[in-house]
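okay, here's the prediction I keep looking at, along with the sequence it came from:
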Amino acid sequence: MNRILEVKDLHASVDGVAILKGVDLIINPGEIHAIMGPNGSGKSTLSNVLMGHPSYKVESGDILFKGESILDWTTDERARKGMFLSFQYPTALPGITIPNFFRTVLKSIRGEDIPMREFKKELKDGMKELEMPEEFLKRYVNDGFSGGEKKRTEILQMSLIKPALAILDETDSGLDIDALRIVSQGITNAKSPDRSILLITHYQRMLNYVVPDFIHVFAKGRIIKTGDKDLALELEKSGYDGILEKAGLNV
């Protein structure tokens, strides 16, 4: 089986401070992986390093995407090759409407213009799935959006792009119960036999809707425990302290 992502003993730093301290992770096609961990454990750093954020320095180790090392790839190269990152705090783009932004993104990834009729159908189908009113088409990207609107827009973008690997950084942050349900359904619908998802979250609540194949507990810059969906229930009951203590890291 060709792996979508393989992270090998990854060490990374920011401003000279070591954050990732030996991350190992394998994601196969069609799998959903969830990473859970306390604040400051390095979860968001991992997502930024995977996408090649220039502020983060890989000290050692490797990242393989579809079997090829991507350490020398720029962020836009990673995106064009099939990697997608949904931000915890999406940026507003005043003056750029949602249709214009998405059509430009799709042209960059697909390498050609999409016929307008085809594009509008894809866009409206995606919006219907996420229960987004057509008035959104007149709005600027994330400009004045609520937290839930921003996250729906990110998931809409993912559904149009259809990346091989979607990295979702705390997509549940700031969502009320209805928005959580809708966004989670959009994430689940994005899964396919050739597309995989890496979901980074603090809480078990999103995993009530998005059922992962694997859950990884992240602490002190690395994965310290891996399990199935029942691991999230264990965390909900006992918190991270028990797992950290068993791993000798609760100091």
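On my side now, so go ahead.

state whether residue 24 is indeed within a helix.
No. If the criterion is DSSP: H, G, I helix; E, B strand; the rest coil, then residue 24 is strand and not within a helix.

just the pLDDT at it, thanks.
pLDDT recorded at residue 24 is 97.

again with residue 250
Residue 250 is assigned 61 on the pLDDT scale.

residue 140 too?
So residue 140 comes in at 94 (pLDDT).

please identify which helix or strand holds the closest residue to it other than its chain neighbours.
Nearest-residue entry for residue 140: residue 94, 5.2 Å, with adjacent residues in sequence omitted and distances by CB to CB, 6 or more residues apart in numbering. In short, each C-beta sits where N, CA and C put it, glycine included. Using DSSP states H and E, residue 94 sits within strand 93-97.

which is the next helix or strand following that strand?
Next along from strand 93-97, by DSSP H and E: helix 98-110.

what's the angle from that following helix to strand 93-97?
Calculated by axes from the mean of the first three to the mean of the last three CA atoms, to 10 degrees, helix 98-110 forms an angle of 80 degrees with strand 93-97.

list the buried ones in helix 98-110?
Within helix 98-110, the residues that qualify as buried are 98, 99, 101, 102, 103, 106, 109, counting by 16 or more other CB atoms under 10 Å.

adding pLDDT, write those out as TSV.
Shown next, in TSV, are the buried residues of helix 98-110 (pLDDT from 0 to 100):
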residue	pLDDT
98	92
99	93
101	93
102	93
103	93
106	92
109	89
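
could you dump these into JSON lines with distance to residue 166 added?
Compiled in JSON lines, those are given as follows (distance: CB to CB, whole Å):
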{"residue": "98", "distance to residue 166": "19"}
{"residue": "99", "distance to residue 166": "21"}
{"residue": "101", "distance to residue 166": "18"}
{"residue": "102", "distance to residue 166": "16"}
{"residue": "103", "distance to residue 166": "20"}
{"residue": "106", "distance to residue 166": "15"}
{"residue": "109", "distance to residue 166": "13"}
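
what segments of the stretch 51-200 of the chain are strands?
With DSSP state E, counting those that start in this stretch as the criterion, the stretch 51-200 of the chain has strands at 56-65, 68-69, 83-86, 93-97, 140-141, 165-169, 196-201.

what packs against the longest one?
In terms of contact count using 3 or more CB pairs under 8 Å, 6 or more residues apart in numbering; DSSP states H and E, strand 56-65 is assigned the packing partners strand 5-14, strand 17-27, helix 43-50.

same question, the third one
With contacts defined as 3+ CB pairs under 8 Å, 6+ apart, the secondary structure elements packing on strand 83-86 are helix 43-50, helix 147-161, strand 165-169.

7 Å - rerun?
The helices and strands touching strand 83-86, judged by 3 or more CB pairs under 7 Å, 6 or more residues apart in numbering; DSSP states H and E, are helix 147-161, strand 165-169.

looking at those, which is closest to residue 55?
Closest approach to residue 55 among the helices and strands packed on strand 83-86 (CB to CB): strand 165-169, 15.0 Å.

strand partners of that closest one, parallel vs antiparallel please.
Using DSSP bridges, strand 165-169 pairs in its sheet with strand 83-86 (parallel), strand 196-201 (parallel).

could I get those as CSV with mean neighbour count?
Output for these, formatted as CSV (neighbours: other CB atoms under 10 Å):
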stretch, mean neighbour count
strand 83-86, 24
strand 196-201, 24
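
of those strands, which is nearest residue 121?
The nearest among the strands paired with strand 165-169, by CB to CB, is strand 83-86 at 21.3 Å.

mean confidence score for that closest one?
Per-residue scores along strand 83-86 average to 94.

now do residue 41, the pLDDT please.
87.

just confirm it is within a strand.
No. According to three-state DSSP, the state of residue 41 is coil, so it is not within a strand.

from residue 222, how far out is it?
Using CB to CB, to the nearest Å, residue 41 is found at 9 Å from residue 222.

from one end of stretch 10-25 to the other, what's the distance?
Here the two ends of stretch 10-25 are set 9 Å apart, with distance taken as CA to CA, to the nearest Å.
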